[in-house]
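# okay, predicted coordinates and the sequence, questions at the end:
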Amino acid sequence: MNHLLAFVVHWNVKPEIFMISENFGIRWYSLLYGAAFFLGYQILYWIFKKENKNTEGADQLLMYMFFAVLIGARLGHCFFYDWDYYSQNILEIFQIWKGGLASHGAAMAIPIALYLYKRQHPDQSFLWIIDRVAIPTAIGGSFIRYGNFFNSEIVGDYTDGSWGVVFERLGETAPRVPIMLFEAFLYDLIFIVILIIYIRSNYKPREGSLMAIFLFMMFAGRFFLENWKVDDNPLTMAGITLTHGQWLSIPFVIIAFIIFVASRKYGAPPKTA
């Protein structure tokens, strides 16, 4: 690699900000996870006020999202990525504080939660709801990936040695791809893109368009970034071998196109001022 682009960072930051007892402390991951939902609420509240909606809906929507992300991400990790272990240690599925959350699982649980929210708010179309959720979800996902970096988890494959991050807490001496940071940067980009579209449309984009863009950018990007992830047991189907993350990303890219078509057919078009 060109020496002008070469860099190696030695990362050995403790995951705890400070310890409360010998075995328990406040972790950077927990702080960033909480900050993701706090910021998400502020964004939802701003959206509801901008569109003259009852802001109590923002409170309820955040609560549905919170449980969907927490439960879905945990079950997604346990069932999709490490079922061999958790099938023998069922009670550890509930021990979320030990780590192990998968965004694909959260993405599967969120539509269920939004459907339940929609039943209580018939005045809001489903396409309208998923669009407004897409904006805070993007930045929230970024915060969580930064938390993964502090935990030295979801690390990428080894590099050629001229660049990357040496995760010393893992007892390593060779640099790896900081894949969690690449994902965080991807989510930051998605957040900026859909927020700009939302504002430039005078806060009334065609319903469904924001979620279609969000899903396509997120999971097409994830499919590409998975090439740098470590998967000791890739899946082969129809003669094609891909990582678990790549196989799980494909359906969401397809869903993005389905939502795009639904947006063009059923979504309310942008309203001019």
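Nice, thanks for sending it over. Numbers count the residues shown, from 1 in each chain.

# C-alpha only now, for contacts and for neighbours.
Will do.

# name the nearest residue to residue 220, sequence neighbours excluded.
Nearest residue to residue 220, sequence neighbours excluded (C-alpha to C-alpha, 6 or more residues apart in numbering): residue 253, at 6.4 Å.

# pLDDT score assigned to the one you found?
Residue 253 is assigned a predicted lDDT (pLDDT) of 96.

# contacting residues for it?
The contact partners of residue 253, by C-alpha atoms under 8 Å, 6 or more residues apart in numbering, come to 215-216, 219-220.

# just the buried residues of those.
Buried members of these, counted by 16 or more other C-alpha atoms under 10 Å: 215-216, 219-220.

# quickly list what the residue nearest to residue 152 when sequence neighbours are not counted is bridged to.
The spatially closest residue to residue 152, leaving aside those adjacent along the chain, is residue 167, at 6.4 Å (C-alpha to C-alpha, 6+ apart). In this entry, residue 167 is beta-bridged to residue 11, by DSSP bridges.

# residues in contact with residue 167?
Listed by C-alpha under 8 Å, 6+ apart, the contact set of residue 167 reads 10-12, 152, 173, 175-176.

# ditto for residue 226
The neighbourhood of residue 226, defined by C-alpha under 8 Å, 6+ apart, consists of 243, 245-246.

# quick one, what contacts residue 209?
Neighbours of residue 209 in contact, by C-alpha under 8 Å, 6+ apart: 131, 259-260, 263.

# out of those, flag the one nearest to residue 121.
For residue 121, the nearest member of those is residue 131. The distance, counting by C-alpha to C-alpha, is 15.2 Å.

# residues contacting that closest one?
Contacts for residue 131 were tallied using C-alpha under 8 Å, 6+ apart; they are 207-211.

# what would these look like in TSV with secondary structure, distance to residue 86 and pLDDT?
As requested, those are exported to TSV (DSSP: H, G, I helix; E, B strand; the rest coil; distance: C-alpha to C-alpha, whole Å; pLDDT from 0 to 100):
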residue	secondary structure	distance to residue 86	pLDDT
207	coil	40	94
208	coil	37	94
209	helix	38	96
210	helix	36	97
211	helix	33	95
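
# before we move on, back to that, from the buried ones among the contacts of residue 253, which is closest to residue 202?
Out of those, the member with the shortest distance to residue 202 (by C-alpha to C-alpha) is residue 215, at 22.0 Å.

# surely that closest one meets residue 254?
No: taking contact to mean C-alpha atoms under 8 Å, the distance of 9.1 Å between residue 215 and residue 254 leaves them out of contact.

# could you list the low-pLDDT ranges of the stretch 51-200 of the chain?
Under the criterion pLDDT under 70, the flagged ranges of the stretch 51-200 of the chain are 96-99.

# what about the helices in it?
Secondary structure of the stretch 51-200 of the chain, counting by DSSP state H, counting those that start in this stretch: helices at 56-76, 83-86, 103-120, 126-150, 179-200.

# name the helices or strands packed onto the last one?
What that stands for is helix 179-200. Other helices and strands packing on helix 179-200, by 3 or more C-alpha pairs under 8 Å, 6 or more residues apart in numbering; DSSP states H and E, are helix 126-150, helix 209-225.

# quick one: buried residues of the last one?
What that stands for is helix 209-225. Using 16+ other C-alpha under 10 Å as the burial criterion, the residues of helix 209-225 that qualify are 209-223, 225.

# do the same with the longest one
If you call a residue buried by 16+ other C-alpha under 10 Å, then helix 126-150 has these buried ones: 126-150.

# for the contacts of residue 226, which entry has the maximal number of neighbours?
Among those, residue 245 has the most neighbours (other C-alpha atoms under 10 Å), with 24 neighbours.

# pretty sure that one is touching residue 223, no?
Yes: using C-alpha under 8 Å as the test, residue 245 is close enough to residue 223 to be in contact (7.0 Å).

# now residue 230: how far from residue 268?
42 Å (C-alpha to C-alpha, to the nearest Å).

# which residues does residue 187 contact?
Residues near residue 187 by C-alpha under 8 Å, 6+ apart: 138-139, 141-142, 218.

# before we move on, the earlier item: and the contacts of residue 167 as JSON lines, adding neighbour count?
Putting the contacts of residue 167 into JSON lines (neighbours: other C-alpha atoms under 10 Å) gives the following:
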{"residue": "10", "neighbour count": "15"}
{"residue": "11", "neighbour count": "16"}
{"residue": "12", "neighbour count": "15"}
{"residue": "152", "neighbour count": "22"}
{"residue": "173", "neighbour count": "13"}
{"residue": "175", "neighbour count": "24"}
{"residue": "176", "neighbour count": "23"}
